[in-house]
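Visitor: Need coordinates for the following:
(chains A, B and C)
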Amino acid sequence: MTTTPLDHDFESVTAGLVQPQLPRWAAVLIGAMALAVAGLLTMVMGWSVVGGAILAGLLFVIGMPTWSRVVEGGRAAADRLATCLVWGAFVAVLVPLIWLVWLVLKNGLGAISLSFLNESMRGVVGEGGGIYHALMGTLLVTLAATVISVPIGLFTAIYLVEYGKGSRLARVTTFLVDVMTGIPSIVAGLFALALLVLIFGPAIRIGFGGSIALALLMIPTVVRSAEEMLRLVPSDLREASYALGVPKWRTIVKVVMPTAFGGIVTGIVLAISRVIGETAPLLIVAGATDSVNMNLFNGRMMTLPVYIFSQYSSPGVPAFGTDGPPPGYARAWGAALVLIGIVMILNLAARILQKIYAPKSDRRR
Amino acid sequence: MAKSIDVSDLDIYYGDFKAVEGVNMTIRAKAVTAFIGPSGCGKSTFLRALNRMHEVIPGARVEGKVIVSGQSLYEPGIDPVAVRRQIGMVFQRPNPFPTMSIYENVLAGMRLNSKKISKSDADAIVERSLQGANLWTEVKDRLSKPGMGLSGGQQQRLCIARAIAVSPEVLLMDEPCSALDPISTSAIEDLIHELKSEYTIVIVTHNMQQAARVSDDTGFFNLKATGEPGHLVEFNPTNKMFTNPDEESTEAYISGRFG
Amino acid sequence: MLSSTEATGKPVVRLGDRLFSGTARLAAMLIMVALAGVAVFLVVEGLPGLSAPADIYRPADDFWSYVGPLVWGTVLAAVVALVIAIPFSVGLALFISHYAPPRIAGPIAYVIDLLAAIPSVVYGLWGGLALAHWMTPSINWLYDNLGFIPFFAGPPSVTGRTMLTAGIVLSIMVIPITTAISREVFAQTPRLHEEAAMALGATRWETIRLAVFPYAKSGVVSGVMLGLGRALGETMAVAMVLSATPVVTLNLISNSNPATIASNIAANYKEATPDRQSLLIATGLVLFIVTFVVNFIARLIVARSERNVTR
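Guide: Okay, here's the model as predicted:
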């Protein structure tokens, strides 16, 4: 038997390329073994399920690279280890997320009913009561915050993009907006409070104070997103408008803003969803109350996040003779579900808006 | 309607950088004037100085005079916005407004200035302008569709219709065909021929054949050296320019020996 | 004819333009005024809190011994949160940018962003009602087996409401922020660098170490700093998990834990007298300065890395 030299070469090359590799089912096998060992130990030692799961994960992360090191060598083993760890990080982060969502759903759905949405806490001592006053408060306070922050944020963005290019005021403003993004929410609350105290004296608590604090937190988000969207508007369009003899301000209002409209609205909606769950500033300026108050400028005003906090921190006691968790906890979970629902709806709305308005800029050219 | 433009000793600066130096020329009314020259020689900058569009870039300024039928454009009391209503412009890339329909795009000049016009007047302006831009037959059944839905050549003609809808006296075109295919290009060139009976047209082009085909007068811009300002080398009737230019560098550029 | 106004020698600016640009400039200046207002009001209202009668500072006796444990608690909680959050954030960001199948990477990134949108009070609820209870056996285990480390010196808390629990809740709140920024810089790694590494026969992990990490280092650091900013300023999650005593301790698992500045304000605001109020505002001022410095450093790092990339 003779082989041609070509064949011979080919064989040696492929021989060099073929490296020992773990079989595909290696991960499954190790996973099963890790589970089995951990399960057995858990049962024998009487550990909790969670402990067992952590042990199984650890066994997998150790087992896979070890086997790989024996078969495939050190470099591949390091690669396998990194892959395991990265996947591990992902799974580990999912755990609290799913846990939290599941808890909120489980406890919240049980608490929510028509009366829960329709009643305030006025005169409620034990069971019963609802979030109506807090829901209204949240909507009013957030609405007022939006009304304050959107014009300021929008015009600031217009200044930065259209007028202030390179000026000192623009540079300072950009820097300050950066600083504002980092203001802790409780400091924003203290600011609003300090402002009101200067004007009205020390014992003041009104819903509008909360709006001021929230507006302070919203403005940087609105400026950032609006600025980005305005910059995306091609300068061709501005020039086309100028060349038609349209003054700059009309160009901005009628050409630039409509083109960036979708993105700007999306940014505003996202900004609202960020501040609607703020608790700390509202706790100190808007205060807490059991009753409905629709006047932003007079008296304490309950909001959903503060409601959750106060139901949590003073949950009451279960009805006489019954056992179980205090009634406030269930109300807190119910309110949390409503609050998360609002935030998710806002996020979804933002995403939909983005989808609707996004392709326009791509259709160009 | 159409007006001539006199330019004398025009220097254009971007901040401290002198982009164009010492231009003198007379652009005839109801004629097509073409500017040719290598990239970066300042011909587009000069074109933009004719309706003060270069002022859009911060720091840009001008020394010298541009006189449109007796009125100097750079007198202190002159409103650049009013100048641009009289001297329209068409850009390199077609740029219809993406938020507007074809109909609204044509009327953009009026609508954006909130001029009140009756529905019948508006219809008449749209039809006249689109016909003037040789686009009417192609789009008359879909006027309410977005302007971005047209082909590149149609978009560019839509932009021309938009420019002539405000009835300017001069039409500036900054390489209007450079983003278009040959067929659309020839449609635009035909259109330029027709438009010159009513408007003074100034066109910047990279394409020398195009300058030869469409223009009556031609100006050749060049740089003395890189980093130096651009300047007008020669300004002559197109025929003379392409057959027997005064300057040697013009001949060299036209015959393709450089640039 | 060209409409020309009287030749006044001034360039023409239309009324509409002047109004509009004036409004825009005003808005920009309002932001400056607002921030100056934050600083000024906090100082004006807080200054009396620096030198009030001694009994205001109960149980401490002057401002610095009052605020000291709070600063310590703030820093400790934030550090614990970061120590937990950094490896998970980097891992998660790598997962999204390099490991996950492309089809699910996008949705996962979206879900992680949603984590950031969950209100902090809900995290607090979860931490106080669910995690704390669940942490009790772990805390006992840590005490039994690792009690020799000062962090786990005990005695272990029976409620599970410890600094460690608060740190875990905070870390879950920090992870989305740090992940979002790390993911972005990982994804921006020049494709050519990665392909060059792969062409040299590097495994995926080696490619990441060779091409991705060096490029993304400063981006990750700034993401961590922003996360730190959030951890320092976070109020509710800490206030709802910890029951505070003013102590300075490394112990993460005992019953006596220092409060953070923010949670202390939230917890004491209701029954505050005007004197107490200005004391709390003064502590808020301290928090403002600390977060300002942290954010400032983060921006500096970002700015420097941006310069390096463009160079």
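Visitor: Give me the residue ranges of the stretch 201-350 of chain A where confidence is low.
Guide: A:319-323 (pLDDT under 70).
Visitor: dump the residue contacts of the residue in the stretch 51-200 of chain B that chain A sits nearest to.
Guide: For the stretch 51-200 of chain B, the residue closest to chain A is residue B:85, as judged by Cβ to the nearest Cβ, at 3.0 Å. Where C-beta positions appear, they are placed from N, C-alpha and C, glycine not excepted. Residue B:85 is in contact with A:244, A:245, B:109, B:166, B:168, counting by Cβ atoms under 8 Å, 6 or more residues apart in numbering or on different chains.
Visitor: now do 7 Å
Guide: A:245, B:166, B:168 (Cβ atoms under 7 Å, 6 or more residues apart in numbering or on different chains).
Visitor: what pLDDT does residue A:197 get?
Guide: pLDDT for residue A:197: 82.
Visitor: which residues does it contact?
Guide: Counting by Cβ under 7 Å, 6+ apart, residue A:197 touches A:204, C:45.
Visitor: would you say it is within a helix?
Guide: Yes. Per DSSP: H, G, I helix; E, B strand; the rest coil, residue A:197 lies within a helix segment.
Visitor: For residue A:286, see how far away it is.
Guide: Residue A:197 sits at a distance of 14 Å from residue A:286 (criterion: Cβ to Cβ, to the nearest Å).
Visitor: Just give me the neighbour total for the closest residue to residue A:276 other than its chain neighbours.
Guide: Beyond its immediate neighbours in the sequence, the residue positioned closest to residue A:276 (Cβ to Cβ, 6 or more residues apart in numbering or on different chains) is residue A:142, lying 5.1 Å away. Neighbour count for residue A:142, taken as other Cβ atoms under 10 Å in any protein chain shown: 26.
Visitor: So what are the structural domains in chain A, by residue number?
Guide: Using automatic domain parsing, the domain ranges for chain A come out as A:19-110, A:117-363.
Visitor: and among those, the most buried is which?
Guide: domain A:117-363 (a mean of 21; mean count of other Cβ atoms under 10 Å in any protein chain shown).
Visitor: just how off-centre is that domain within its chain?
Guide: Put simply, domain A:117-363 sits 14 Å off its chain's centre (Cα atoms, centre = their mean, to the nearest Å).
Visitor: What residues of the helix or strand where residue C:166 lies count as buried?
Guide: Using DSSP states H and E, residue C:166 sits within helix C:163-188. Neighbour-count burial for helix C:163-188, counted by 16 or more other Cβ atoms under 10 Å in any protein chain shown, picks out C:163-183, C:185-186.
Visitor: Can you list the low-confidence ranges for the stretch 151-300 of chain C?
Guide: C:154.
Visitor: so who does the residue of it found nearest chain A touch?
Guide: Closest residue of the stretch 151-300 of chain C to chain A, Cβ to the nearest Cβ: residue C:233 (2.5 Å). Residue C:233 sits next to A:184, A:185, A:186, C:262, C:287, C:291 when contact means Cβ under 7 Å, 6+ apart.
Visitor: Give the closest residue to it in space, chain neighbours not counted.
Guide: In space, residue C:233 is closest to residue A:184, 2.5 Å off (Cβ to Cβ, 6+ apart).
Visitor: Residue A:55 now?
Guide: Nearest residue to residue A:55, sequence neighbours excluded (Cβ to Cβ, 6+ apart): residue A:38, at 4.2 Å.
Visitor: gap between the residue of the stretch 151-300 of chain C closest to chain A and residue C:78?
Guide: On the measure of Cβ to Cβ, residue C:233 and residue C:78 end up 9 Å apart.
Visitor: show me the contacts for residue 72.
Guide: By default, I'm working from chain A. Each residue near residue A:72 by Cβ under 7 Å, 6+ apart is listed here: A:19, A:20, A:21, A:22.
Visitor: please go with chain B instead
Guide: Residues counted as contacts of residue B:72 (Cβ under 7 Å, 6+ apart) are B:65, B:66.
Visitor: May I have the beta-bridge partners of it?
Guide: residue B:67 (DSSP bridges).
Visitor: Give me the secondary structure label for the closest residue to chain B within the stretch 151-300 of chain A.
Guide: Nearest residue of the stretch 151-300 of chain A to chain B: residue A:245, at 3.0 Å (Cβ to the nearest Cβ). With three-state DSSP as the basis, residue A:245 sits in coil.
Visitor: Next one: the residue lying closest to residue B:196 once chain neighbours are set aside from residue B:241, what distance?
Guide: Nearest residue to residue B:196 in three dimensions, chain neighbours excluded: residue B:32, at 5.1 Å (Cβ to Cβ, 6+ apart). Per Cβ to Cβ, residue B:32 is found 13 Å from residue B:241.
Visitor: Residue C:61 against residue C:55, yeah?
Guide: No. Using Cβ atoms under 7 Å, residue C:61 makes no contact with residue C:55, being 8.4 Å away.
Visitor: between those two, which one's more packed in?
Guide: Remark: of residue C:61 and residue C:55, residue C:61 carries more neighbours, 11 against 8, as counted by other Cβ under 10 Å.
Visitor: Tell me the secondary structure of that one, please.
Guide: Here residue C:61 is recorded as coil under three-state DSSP.
Visitor: quick one, what contacts it?
Guide: residue C:54.
Visitor: Torsion angles phi and psi at it?
Guide: The phi and psi values for residue C:61, taken as degrees, to the nearest 10, are phi -130, psi 0.
Visitor: Let's see the pLDDT reported for it.
Guide: Model confidence at residue C:61 (pLDDT) stands at 77.
Visitor: same deal with residue A:10?
Guide: 51.
Visitor: Surely residue C:121 is in contact with residue A:306?
Guide: No. At 8.1 Å, residue C:121 does not count as touching residue A:306 under the criterion of Cβ under 7 Å.
Visitor: got any residues that touch both of the two?
Guide: residue A:279.
Visitor: which residues touch the residue nearest to residue C:233?
Guide: Contacts here follow Cβ under 7 Å, 6+ apart; on that basis residue A:184 touches C:232, C:233, C:262, C:287, C:291.
Visitor: The nearest residue to residue C:182 once chain neighbours are set aside: which element?
Guide: Excluding its sequence neighbours, the residue lying closest to residue C:182 (Cβ to Cβ, 6+ apart) is residue C:93, at 3.7 Å. Secondary structure assignment for residue C:93, by DSSP H and E: helix C:63-94.
Visitor: Out of the contacts of residue B:85, which is nearest to chain C?
Guide: Minimum distance to chain C across those is 10.6 Å, recorded for residue A:245 (Cβ to the nearest Cβ).
Visitor: if I look at the closest residue to that closest one other than its chain neighbours, how far off is residue C:14?
Guide: Distances taken as Cβ to Cβ, 6+ apart put residue B:85 closest to residue A:245, at 3.0 Å, once the chain neighbours are dropped. Going from residue B:85 to residue C:14 by Cβ to Cβ gives 13 Å.
Visitor: Done for today, thanks.
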